[in-house]
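**Q** Mind folding the following:
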Amino acid sequence: MAASLVIAASVAAGVACRSGGETPPGGTGDPKRVALQGGDLIVSLRSDPQSFNWYTRHDASTYLVTLLTQAWLVRVNRITDTVEPWLAESWSTSPDGLRYTIKLRQGVTFADGAPFTSDDVVFSLAAAYDEKGGSIVADSMRVGGKDLTAEAVDPATVVITFPGPFGPGLRLLDNLPILPKHKVQALASGGGLASMWRTNSNLADITGLGPFTLAEYAAGQRLVFARNPRYFRKDPSGTQLPLLDRVVVEIVPDQNAEVLRLDAGQTDLSEREIRLEDYAPVKRAADAGRLKLFDVGVAVNADSLWFNLKPGAFKGDPRAAWIQRDELRKAISLAVDRKVFVDTVYLGAAVPVFGPVTPGNKAWYAPEVPHPAHDPAKAKALLASIGLTDRNGDGTLEDAANRPARFTLLTAKGQTALERGVAVVRDELAKIGVTVDTVLLDSNALVGQFLGKPYDAVYFSLIPSDTDPALILDFWLSSGGSHFWNAGQSTPATAWEKQIDELMTKQAAAFDMAERRALYTEAQRIFAEHEPMLYFAAPRIYVATSARVMNVEPMLRRPQALWSPDTIAVRR
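**A** Predicted coordinates:
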């Protein structure tokens, strides 16, 4: 989740928005950018994609595949945080702000040569709402719980109608990569969206409107993306994009190996930020001219800890009396010394945080939301109020039946910030008598565990798809698929979740930014009161690339250096 969140002024009701020619590389208009064509960019990625289909999987690796191979009607520029025309050349809105008439770029084709038309837009929106077919995009594409509608007026014109007011407007469409109807309709006919573009699919079946095509995939080793010669964008000088011939993505699960390969010139950049313990050697390499190092700022998201709060999840478990209680989570928040957390996990290069919105998200961060101080004594008192006390003087808390206060905390192995994070939580809670068993799992196995299997608690990195709260309602709303502590509720399980539902629905519908901010601040306050997810620190983000990489302007969210892949160049 970065800077000021505003709708582009030219998108106001009744006003046409035009691209004014080709968008500058990265959308920033930086005159220093150069158009060196050709060459390969070598990227390291921590794990294999779960799918090649963003409509059905939302892991970071699948997103990278989508970013390289697909395109959107509009794009949110990750540096300016404004909406830019992309496949849409222009649009106008009705006076009530509900109806958008979008003119598409002319002469655009998919990578396989099939023409892009308004039928592809209509098909893509329908696919987004096909939850029975496997779509997990639907939650993030609804307004007030209702679907958008799309009508193809002619091949180059589509009308999208919102079911009600929506403050961010067309920013919503940054969630919707456009699918090739001519390919997908047949592929999905046998088993829905979930059956298409799996990692064992025929790569010839995967096509898109993005700058590259997926040319090779060897599980556990690499993905190779080849330049799409039919890509629709050019730079301001008329040079055809993308500038690279290929993007070679190497699967490098080990973080130590990743930084060694970067320093040795075997890779050009990583899909994510560098670890803070690698800052010193990377800085030395940058000072020697081998690497480039970017200080991007405080992260807009923080790793989080949550418990399984689904009703009945602990039925028959004696811990059911306390493990889902607000008091437990509040006690953990009070017991963990955030200064220790910052110094130990992030080597001091972080800021303490108390909720999902960090100071890095300048437009939506609410400093007025309470930030309780470290207080182990108060934490123990809260635990005593739910029956957890040290009954035998051994330093460990027990329930009324003398069973220890103990739970299992899962995280991803091979990610040192997560591993150190759970270690700090374990050690801090031991000081107040709570035992934490930490278990490290492969990232994909971890996601599979908390999405569909029993678990106690998870500590993991969840990266919102947008900084604007109206675009992450699937996290905030009780019915949302990313409401991880108790996802997909048919009705709110608690009164406070119902309150947040109402506040978030109102703020998404408001056009006035001051009103939206006030509503979101109140939602954050209620969240802080119940702490369904616990947050401890947001790190500073540092990004490194090889010295030969050009035209990179890193952002705060992953993939920091690759958000605008069509304009990246390399010296050869």
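
**Q** what ranges do the helices span in the chain?
**A** With DSSP state H as the criterion, the chain has helices at 60-69, 118-128, 181-188, 255-263, 279-287, 326-335, 338-345, 376-385, 416-430, 443-452, 473-476, 495-509, 513-530.

**Q** Nearest to Gly208 among these would be which one?
**A** helix 60-69 (4.4 Å; CB to CB). Using the backbone N, CA and C atoms, a C-beta is placed for each residue, glycine as well.

**Q** Which neighbouring elements make contact with the closest one?
**A** Identification of packing neighbours for helix 60-69 by 3 or more CB pairs under 8 Å, 6 or more residues apart in numbering; DSSP states H and E yields strand 212-218, strand 222-227.

**Q** Mean pLDDT added to the helices of the chain, as a markdown table?
**A** Shown next, in a markdown table, are the helices of the chain (pLDDT from 0 to 100):
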| stretch | mean pLDDT |
| --- | --- |
| helix 60-69 | 96 |
| helix 118-128 | 97 |
| helix 181-188 | 88 |
| helix 255-263 | 94 |
| helix 279-287 | 96 |
| helix 326-335 | 98 |
| helix 338-345 | 97 |
| helix 376-385 | 98 |
| helix 416-430 | 97 |
| helix 443-452 | 91 |
| helix 473-476 | 91 |
| helix 495-509 | 96 |
| helix 513-530 | 97 |
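
**Q** So for Thr101, which of these sits nearest?
**A** helix 118-128 (11.0 Å).

**Q** Which one of the helices of the chain lies nearest to Ile136?
**A** So among the helices of the chain, helix 473-476 is nearest, using CB to CB, at 8.5 Å.

**Q** Most tightly packed of the helices and strands packed on helix 60-69?
**A** Most buried of these, by mean neighbour count (mean count of other CB atoms under 10 Å): strand 222-227, with a mean of 21.

**Q** May I have the beta-bridge partners of Leu45?
**A** Ile251 (DSSP bridges).

**Q** With Met550 instead?
**A** Ala569.

**Q** Verify the contact between it and Thr567 for me.
**A** No: between Met550 and Thr567 there is no contact under CB atoms under 8 Å: 9.3 Å.

**Q** shared neighbours, those two?
**A** Common neighbours of Met550 and Thr567, using CB atoms under 8 Å, 6 or more residues apart in numbering, are Arg33.

**Q** Rebuild the helices and strands packed on helix 60-69 as JSON lines, extending it with distance to Lys380 and mean pLDDT.
**A** Listed next are these as JSON lines, based on distance: least, CB to CB, whole Å; pLDDT from 0 to 100:
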{"stretch": "strand 212-218", "distance to Lys380": "52", "mean pLDDT": "98"}
{"stretch": "strand 222-227", "distance to Lys380": "50", "mean pLDDT": "98"}
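
**Q** would you list those in a markdown table and tack on distance to Ala514?
**A** Listed next are these as a markdown table, based on distance: least, CB to CB, whole Å:
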| stretch | distance to Ala514 |
| --- | --- |
| strand 212-218 | 42 |
| strand 222-227 | 43 |
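
**Q** for these, which one sits closest to Pro236?
**A** Across the helices and strands packed on helix 60-69, the minimum distance to Pro236, taken as CB to CB, is reached by strand 222-227, at 19.6 Å.

**Q** Who does that closest one pair with, and is each partner parallel or antiparallel?
**A** For strand 222-227, pairing defined by DSSP bridges yields strand 212-218 (antiparallel), strand 246-251 (antiparallel).

**Q** could those strands go into CSV alongside distance to Arg391?
**A** As requested, the strands paired with strand 222-227 are arranged in CSV below (distance: least, CB to CB, whole Å):
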stretch, distance to Arg391
strand 212-218, 56
strand 246-251, 50
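
**Q** Verify the stated contact: Gln106 with Ala156.
**A** Yes: checked against CB under 8 Å, the pair Gln106 and Ala156 is within contact range at 6.2 Å.

**Q** Looking at these two, which is more packed in?
**A** Ala156 (17 against 10; other CB atoms under 10 Å).

**Q** Can you tell me how far the closest residue to Gln221 other than its chain neighbours is from Asp268?
**A** Among residues not flanking Gln221 along the chain, Ile251 sits closest, at 5.8 Å (CB to CB, 6 or more residues apart in numbering). Ile251 is 15 Å from Asp268, where distance means CB to CB, to the nearest Å.

**Q** Compare these two (neighbour count), which wins?
**A** Set side by side, Ile251 and Asp268 show more neighbours around Asp268, with 26 against 17, by other CB under 10 Å.

**Q** any idea how far Arg548 is from that one?
**A** Distance from Asp268 to Arg548, by CB to CB: 7 Å.

**Q** Now do the same contact list for the nearest residue to Ala188 once chain neighbours are set aside.
**A** Leaving aside its sequence neighbours, Ala188 sits nearest to Met196 (CB to CB, 6+ apart; 5.1 Å). Residues counted as contacts of Met196 (CB under 8 Å, 6+ apart) are 53, 184, 187-188, 205.

**Q** Show me what Leu291 is bridged to.
**A** Those that pair with Leu291 in a beta bridge, by DSSP bridges, are Ser546.

**Q** Check whether it really touches Arg261, as I assumed.
**A** No: with contacts counted by CB under 8 Å, Leu291 stays clear of Arg261, the gap being 11.8 Å.

**Q** Adding distance to Thr101 and mean neighbour count as columns, could you present the helices of the chain in a markdown table?
**A** As requested, those are arranged in a markdown table below (distance: least, CB to CB, whole Å; neighbours: other CB atoms under 10 Å):
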| stretch | distance to Thr101 | mean neighbour count |
| --- | --- | --- |
| helix 60-69 | 27 | 22 |
| helix 118-128 | 11 | 21 |
| helix 181-188 | 21 | 18 |
| helix 255-263 | 47 | 19 |
| helix 279-287 | 49 | 16 |
| helix 326-335 | 48 | 22 |
| helix 338-345 | 50 | 18 |
| helix 376-385 | 56 | 18 |
| helix 416-430 | 46 | 19 |
| helix 443-452 | 39 | 16 |
| helix 473-476 | 25 | 24 |
| helix 495-509 | 21 | 19 |
| helix 513-530 | 25 | 18 |
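
**Q** can I get those helices in CSV with distance to Ile42?
**A** Formatted as CSV, those follow (distance: least, CB to CB, whole Å):
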stretch, distance to Ile42
helix 60-69, 14
helix 118-128, 32
helix 181-188, 29
helix 255-263, 9
helix 279-287, 16
helix 326-335, 41
helix 338-345, 29
helix 376-385, 47
helix 416-430, 23
helix 443-452, 22
helix 473-476, 34
helix 495-509, 41
helix 513-530, 40
